[in-house]
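Q: The sequence isn't on hand, but the structure is:
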């Protein structure tokens with residue numbers, strides 16, 4: 001090999017040993033370099049991966065649920081808004097009837113206990129008049145005479161598409177037969193329906209929760 005006589009020449013054997021040692025050293029350094037390069041590359045890849053934050057896709061379910069709740073709530077509110085079912089003119093006309101009816105229906109005199117009903121009759125349906133005729137209204141002594149000073153209308157929630165309802169508050173005065181007077185406040189829930197071309201009161205409730 002390479003003209004060396006390794007069997008008879010000691011110097012040639014030394015040369016061969018040196019050559020093999022050099023080859024092994026070169027191979028060792030080369031392997032070490034390759035290993036380090038591979039390790040560094042892997043470490044950098046892992047570090048880069050750990051530095052990156054993976055963002056999950058935005059959760060749309062919460063937004064959808066919120067929007068759905070808002071829509072449902074809005075629908076429920078609109079369902080009870082009378083302006084959704086009646087025109088502004090109808091609301092105004094029915095409110096005027098409700099107030100006029102309440103004023104005549106509230107006024108009372110023990111001397112003429114049925115006068116209030118006859119005064120209110122033109123503003124109510126025949127069915128309501130018949131019903132109230134059988135009530136035989138009698139007020140307590142302290143309310144033997146009732147008069148109206150002022151009326152005020154407050155909003156009502158109502159989902160009916162055929163009748164309009166109004167809360168009418170009446171402030172007035174009550175007197176007993178001896179002339180003793182007290183301030184009064186009464187609440188009327190009045191239902192008004194369009195019947196035979198005009199608005200008529202079809203039902204009335206006094207001092208009850210709406």
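A: Done, it's in. Predicted model, so just to flag it, every value in this text is computed and none were measured.

Q: in the protein, which ranges drop under the pLDDT threshold?
A: 1-13, 16, 33-35, 38-79, 209-210 (pLDDT under 70).

Q: Roughly how far does residue 185 sit from residue 147?
A: Here the criterion is C-beta to C-beta, to the nearest Å. By it, residue 185 lies 13 Å from residue 147. From N, CA and C alone the C-beta is placed, and that goes for glycine too.

Q: Neighbour count for these two, which is higher?
A: Shown here are residue 185 and residue 147; by other C-beta atoms under 10 Å, residue 147 has more neighbours (16 against 11).

Q: The host helix or strand of that one: partners in the sheet, and parallel or antiparallel?
A: Here residue 147 sits within strand 145-154, counting by DSSP states H and E. Using DSSP bridges, the strands paired with strand 145-154 are strand 108-109 (antiparallel), strand 163-175 (antiparallel).

Q: What residues of the last one count as buried?
A: Burial within strand 163-175, assessed by neighbour count using 16 or more other C-beta atoms under 10 Å, is assigned to 163-168, 170, 172, 174-175.

Q: what's the closest of these to residue 207?
A: Taking C-beta to C-beta as the measure, residue 207 lies nearest residue 170 of these, at 10.2 Å.

Q: Do I have it right that the closest one meets residue 190?
A: No - applying C-beta atoms under 8 Å as the test, residue 170 and residue 190 come out as separate, 11.0 Å apart.

Q: what's the overlap in contacts for those two?
A: When contacts are counted by C-beta atoms under 8 Å, 6 or more residues apart in numbering, residue 170 and residue 190 are jointly contacted by residue 102.

Q: who touches residue 25 in this structure?
A: By C-beta under 8 Å, 6+ apart, the contact list for residue 25 is empty.

Q: Tell me the backbone dihedrals of it, please.
A: Phi and psi for residue 25, reported as degrees, to the nearest 10, are phi -60, psi -40.

Q: Same question for residue 159.
A: phi -100, psi 0.

Q: Over to residue 158?
A: Per-residue torsions, residue 158: phi -160, psi 120 (degrees, to the nearest 10).

Q: Counting neighbours, what do you get for it?
A: Other residues lying near residue 158 total 19 when counted by other C-beta under 10 Å.

Q: ok, which stretches of the protein are helices?
A: Taking DSSP state H to define them, one finds helices in the chain at 10-51, 60-79, 88-106, 115-120, 126-133.

Q: Which residue ranges make up the domains of the chain?
A: According to automatic domain parsing, the chain comprises the domains 9-47, 85-206.

Q: Out of these, indicate the one that is most buried.
A: Highest mean neighbour count among the domains of the chain (mean count of other C-beta atoms under 10 Å): domain 85-206, with a mean of 16.

Q: gap between it and the chain center?
A: For domain 85-206, the separation from the chain centroid amounts to 34 Å (computed by C-alpha atoms, centre = their mean, to the nearest Å).
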